[in-house]
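Undergrad: The following block contains a protein sequence and its predicted model.
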Amino acid sequence: MPRRGPRFALLALALLILFAWALTAGDYAISPGKAFEVALAKLTGASPEALSRAGVTRMDEVVVWNIRLPRLLLAGLAGMALAVAGAAYQGCFRNPLVEPYLLGVSSGAAWGASLSIVFPHLFPQGQVTAFGFALLAVFLSYSLARSRGRTPPVALILSGIIVGAIFSALVGIMKYLAADTQLREITFWMMGGFYYATWDDVAVNAAAVLPCALLIGLMGWKLNLLSLGDEEARSLGVHPDRARMLFLVLATLAAAVCVSTVGIVAWVGLMMPHAARLILGPDNRWVVPGAALLGALYMLLCDTLARTLTAAEIPVAIVASIVGAPYLLWLLRSKGRELYGE
């Protein structure tokens, strides 16, 4: 597909414009100039007096630096993680309907989070518990599918469905045991959101997501070979099981960190790789970075709509589903051939 470079540049520009708009949007109105002054002052270590001389109040500083900026960065990282993980999963399994939660990441994280909510004295670190059980779910899925030194993709998909169902049942048990306040907390966690984003959350997610996304992007050519089938990949010098395992480890790590921090947000990992193929073509060397930009852009848009459409904030997963489901239906019906380069 020609003109990939300009299209990719337009996506990056759109992301920057959306980020700037989202930084100023909300119940507390802030001009773009003030938001830029706050960010620049914090990054350069300027004194509070310098901000005051620029007409920036203490409230402006708190809203921009302590609330909106970490929230937007976390939303962008979460969207990037899920979209890149989705592209990796779809390439590994040669299945356009695969998404990052296939091997039980979301259900495992949900059980870990519900354990920390219902039994806070036993599991005081909610994010760590959710992350640990997310990885455990994927490990169980992979172990169940492993047979005679090989891991067939179909067996891996089936084992992921089984493990996901088991952890979903365990979440149901936690809901049954939970008190009313705990049940509401579990429900809101499973709807996803960036309500309590902090700079520590941003640092943890950036440390995991950015290297994983970069490595997956650099190995996009291997995804292309895996998409041809195991025999073709092997004949071209790529060991399919090893390559698939590496991609799944990287994608799962990024998705698990994201889900353990912000909860379950559907559609991003399924939909954004399709949108990237439509815009940039089926080559995974372009699909992965394109999906990263589109995932960050889409999550920023959904989060901004979630906190500005109504007085009470809407869980971001609801907005993502309302927007994502009709879009994916239109995409598959009208652009199905273009998505796969047919």
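TA: Cool, got the structure. Numbering: from 1, shown residues only.

Undergrad: And the helices in the stretch 1-150 of the chain?
TA: For the stretch 1-150 of the chain, the helices defined by DSSP state H, counting those that start in this stretch cover 4-24, 32-44, 48-53, 58-61, 69-93, 105-118, 126-145.

Undergrad: Likewise for the stretch 151-300 of the chain?
TA: Along the stretch 151-300 of the chain, counting by DSSP H, counting those that start in this stretch, helices occupy 153-177, 180-191, 199-218, 220-226, 230-235, 240-262, 268-280, 284-308.

Undergrad: The second one packs against which elements?
TA: Taking 3 or more C-beta pairs under 8 Å, 6 or more residues apart in numbering; DSSP states H and E as the contact definition, the neighbouring helices and strands of helix 180-191 are helix 105-118, helix 153-177, helix 316-334. To be clear about C-beta, it is placed using only N, CA and C from the backbone, and glycine gets the same treatment.

Undergrad: for it, what is the average pLDDT?
TA: Averaged over helix 180-191, pLDDT sits at 90.

Undergrad: Only C-alpha atoms, please: export it in CSV.
TA: Provided in CSV are the C-alpha atoms of helix 180-191 (Å, rounded to 0.1, in the frame of the first residue of the first chain):
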residue,chain,number,x,y,z
ASP,A,180,-22.5,-4.6,49.0
THR,A,181,-19.7,-2.0,49.0
GLN,A,182,-17.2,-4.6,47.9
LEU,A,183,-19.5,-5.8,45.1
ARG,A,184,-19.8,-2.3,43.8
GLU,A,185,-16.1,-1.9,43.9
ILE,A,186,-15.5,-5.2,42.0
THR,A,187,-18.1,-4.1,39.4
PHE,A,188,-16.5,-0.7,38.8
TRP,A,189,-13.1,-2.2,38.6
MET,A,190,-14.3,-4.6,35.9
MET,A,191,-15.7,-1.7,33.9
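
Undergrad: next one: that helix to chain centre, how far?
TA: Offset of helix 180-191 from its chain centre (C-alpha atoms, centre = their mean, to the nearest Å): 21 Å.

Undergrad: Going forward, count from 24.
TA: Done: numbering now begins at 24, and the last item shifts to helix 203-214.

Undergrad: now the angle between helix 176-200 and it, please.
TA: On the basis of axes from the mean of the first three to the mean of the last three C-alpha atoms, to 10 degrees, helix 203-214 is oriented at 160 degrees to helix 176-200.

Undergrad: weakest of the helices of the stretch 24-173 of the chain in terms of mean pLDDT?
TA: Ranked by mean pLDDT, the helices of the stretch 24-173 of the chain end with helix 71-76 at the bottom, a mean of 68.

Undergrad: Determine which of the helices of the stretch 174-323 of the chain shows the lowest mean per-residue pLDDT.
TA: helix 253-258 (a mean of 85).

Undergrad: Which elements pack onto that one?
TA: So helix 253-258, by 3+ C-beta pairs under 8 Å, 6+ apart, packs with helix 243-249, helix 263-285.

Undergrad: which one is residue 94 nearest to, not counting chain neighbours?
TA: For residue 94, ignoring the flanking residues on the chain, the nearest one in space by C-beta to C-beta, 6 or more residues apart in numbering is residue 220 at 4.1 Å.

Undergrad: how much space is there between the one you found and residue 212?
TA: 14 Å (C-beta to C-beta, to the nearest Å).

Undergrad: So which of these two has more stuff around it?
TA: Neighbours per residue (other C-beta atoms under 10 Å) separate residue 220 from residue 212, with residue 220 holding more: 24 against 21.

Undergrad: ok so, going back, so can I have JSON lines of the helices of the stretch 174-323 of the chain showing distance to residue 29?
TA: Output for the helices of the stretch 174-323 of the chain, formatted as JSON lines (distance: least, C-beta to C-beta, whole Å):
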{"stretch": "helix 176-200", "distance to residue 29": "35"}
{"stretch": "helix 203-214", "distance to residue 29": "38"}
{"stretch": "helix 222-241", "distance to residue 29": "19"}
{"stretch": "helix 243-249", "distance to residue 29": "19"}
{"stretch": "helix 253-258", "distance to residue 29": "31"}
{"stretch": "helix 263-285", "distance to residue 29": "28"}
{"stretch": "helix 291-303", "distance to residue 29": "11"}
{"stretch": "helix 307-331", "distance to residue 29": "12"}
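
Undergrad: quick one: which of those is nearest residue 85?
TA: Set against residue 85 and scored by C-beta to C-beta, the helices of the stretch 174-323 of the chain come closest in helix 222-241, at 13.1 Å.

Undergrad: Residue 229 is nearest to which of the helices of the stretch 24-173 of the chain?
TA: Nearest to residue 229, of those and by C-beta to C-beta, is helix 92-116 at 6.0 Å.

Undergrad: which non-adjacent residue is nearest residue 245?
TA: Spatial nearest neighbour of residue 245, excluding adjacent residues (C-beta to C-beta, 6+ apart): residue 266 at 5.1 Å.
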